[in-house]
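# Using only what follows, build the 3D model:
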Amino acid sequence: MDDLRTPADLSRELGIGQRPIRVFLRREYGTLNPPETRWLLTDERASAVRRHFSAAR
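As a prediction, this is how the structure comes out:
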């Protein structure tokens with residue numbers, strides 16, 4: 001199974017705040033559906049976050 005990551009993990013890795021990461025995730029993938037309460041990102045989605053914020057720099 002994929003090693004799941006959170007926006008907090010990526011925030012520390014990328015040196016940016018969690019809020020921009022969550023905004024990006026909602027724009028790309030929609031909002032969380034109950035009972036989900038936190039983003040758990042697959043390798044594919046974590047890579048999309050990395051690509052997006054690397055390109056923005």
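
# OK, contacts around the most centrally placed residue in the chain?
With distances taken as C-alpha atoms, centre = their mean, residue 7 lies nearest the centre of the chain, 4.7 Å away. Residues counted as contacts of residue 7 (C-beta atoms under 8 Å, 6 or more residues apart in numbering) are 18, 21-22, 25, 39, 41. All C-beta spots, glycine's among them, are computed from the backbone N, C-alpha and C.

# Which entries within those residues meet the buried criterion?
Among those, those classed as buried by 16 or more other C-beta atoms under 10 Å are 21-22, 25, 39, 41.

# Of those residues, which is the nearest to residue 13?
For the buried ones among the contacts of residue 7, the closest approach to residue 13 (C-beta to C-beta) belongs to residue 21, at 10.2 Å.

# which stretch of helix or strand covers that closest one?
In the assignment (DSSP states H and E), residue 21 maps to helix 18-29.

# Could you export whichever helix or strand comes after that helix as PDB, CA atoms only?
Later in the chain than helix 18-29, the nearest helix or strand by DSSP H and E is helix 43-55. C-alpha atoms of helix 43-55 as PDB (Å, rounded to 0.1, in the frame of the first residue of the first chain):
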ATOM      1  CA  ASP A  43       2.100   9.100  -3.500                       C
ATOM      2  CA  GLU A  44       0.400  10.300  -6.700                       C
ATOM      3  CA  ARG A  45      -1.400  13.200  -4.900                       C
ATOM      4  CA  ALA A  46       1.700  14.100  -2.900                       C
ATOM      5  CA  SER A  47       3.700  14.300  -6.100                       C
ATOM      6  CA  ALA A  48       1.100  16.600  -7.600                       C
ATOM      7  CA  VAL A  49       1.400  18.900  -4.600                       C
ATOM      8  CA  ARG A  50       5.200  18.900  -5.000                       C
ATOM      9  CA  ARG A  51       5.100  19.600  -8.700                       C
ATOM     10  CA  HIS A  52       2.600  22.500  -8.200                       C
ATOM     11  CA  PHE A  53       4.600  24.200  -5.500                       C
ATOM     12  CA  SER A  54       8.000  23.600  -7.200                       C
ATOM     13  CA  ALA A  55       6.600  25.300 -10.400                       C
END
